[in-house]
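Chemist: Provide a 3D model corresponding to the input given below.
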Amino acid sequence: MSTASLNAIKQIETLQVEALESCSNSAKKVLLEIAIEKTQALKEIINNQPLFSPYTAGLTIGDRIQLARESLGMSHDDLAEKLDIHPGGVLAWEDGDDQPMAGMVIPLANALKCDPMWLLTGESRHESSGCAETPQAPVKVTQGVDMHGIGKRIRKARVDKRMYTEELENAISADEGEVFRWETEKTVPPALYIDKLAKVLDVSVTWLLTGKEVEVSHG
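Modeler: Okay, here's the model as predicted:
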């Protein structure tokens with residue numbers, strides 16, 4: 001919570017205590033009226049802040065999954081059911097024991113009603129970062145998309161940048177041979193590499209994951 005919010009809360013609590021302890025009814029009335037004004041000011045402060053931005057600094061992708069899930073009142077079972085996976089998989093992500101694969105990022109963002117960029121990095125492509133009341137990852141993104149094509153897109157972007165596989169691996173701190181395995185579709189890159197790949201290859205995360213550039217509507 002921001003400093004402004006904390007200060008407002010402290011002021012309200014102080015005024016409420018003083019009002020209760022006051023022997024003067026007139027003083028109590030004045031203090032309570034001020035407390036009401038402060039409460040309204042606090043609501044305006046909170047409403048004007050992105051839902052997650054004060055909380056997400058330094059969080060891992062597992063932390064963000066848990067934060068988004070709990071904000072929606074979803075259990076591990078609820079999220080697992082939406083993703084058609086075992087609940088233990090969700091627990092492993094949140095505990096940091098495993099990373100969601102690239103093909104799971106868009107479905108996760110849709111289920112958690114958040115921007116996939118925020119889910120991956122803690123930052124959003126939009127000014128209102130993170131998860132919000134309206135989904136920033138359109139469900140249509142996942143329709144008709146073949147996630148297996150991510151290897152071909154990595155290779156295309158790498159060739160366009162005239163980079164060797166070893167250069168790309170060094171740039172994203174991946175193990176030797178990883179890029180080759182991704183490009184030949186032996187494996188899919190874990191989520192932790194997606195943002196790194198997008199930045200180094202100068203492409204968007206959305207294109208890398210789906211092959212499409214999606215214009216997000218706020219209407």
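Chemist: where in the chain is pLDDT low?
Modeler: 1-32, 34-36, 38-58, 123-148, 213-219 (pLDDT under 70).
Chemist: tell me, domain by domain, which residues of it belong where.
Modeler: 3-47, 56-219 (automatic domain parsing).
Chemist: what residues are up against L201?
Modeler: Counting by Cβ atoms under 8 Å, 6 or more residues apart in numbering, L201 touches I154, A157, R158, D160, K161, L168, L208. C-beta coordinates here come from the backbone N, C-alpha and C atoms, glycine included.
Chemist: quick one: buried residues of the helix or strand harbouring A68?
Modeler: Under the criterion of DSSP states H and E, A68 resides in helix 61-71. By neighbour count with 16 or more other Cβ atoms under 10 Å, helix 61-71 contains the buried residues I61, G62, D63, R64, I65, Q66, L67, A68, R69, S71.
Chemist: so how far is E70 from the third one?
Modeler: Read that as D63. Using Cβ to Cβ, to the nearest Å, we find D63 at a distance of 11 Å from E70.
Chemist: in three-state terms, label the closest residue to P116 other than its chain neighbours for me.
Modeler: In space, and not counting its chain neighbours, P116 is closest to A109: 3.9 Å by Cβ to Cβ, 6 or more residues apart in numbering. Assigned with DSSP: H, G, I helix; E, B strand; the rest coil, A109 falls in the helix class.
Chemist: I figured T210 hits I106, correct?
Modeler: Yes - counting by Cβ atoms under 8 Å, T210 sits close enough to I106 to count as a contact (6.6 Å).
Chemist: tell me how many other residues surround V203.
Modeler: 18 (other Cβ atoms under 10 Å).
Chemist: should've said L208
Modeler: Neighbours around L208, by other Cβ under 10 Å: 21.
Chemist: contact partners for it?
Modeler: I150, R153, I154, A157, I194, L197, A198, L201.
Chemist: can you tell me how far the nearest residue to G96 once chain neighbours are set aside sits from R181?
Modeler: Distances taken as Cβ to Cβ, 6+ apart put G62 closest to G96, at 4.9 Å, once the chain neighbours are dropped. Relative to R181, G62 is positioned 24 Å away (Cβ to Cβ).
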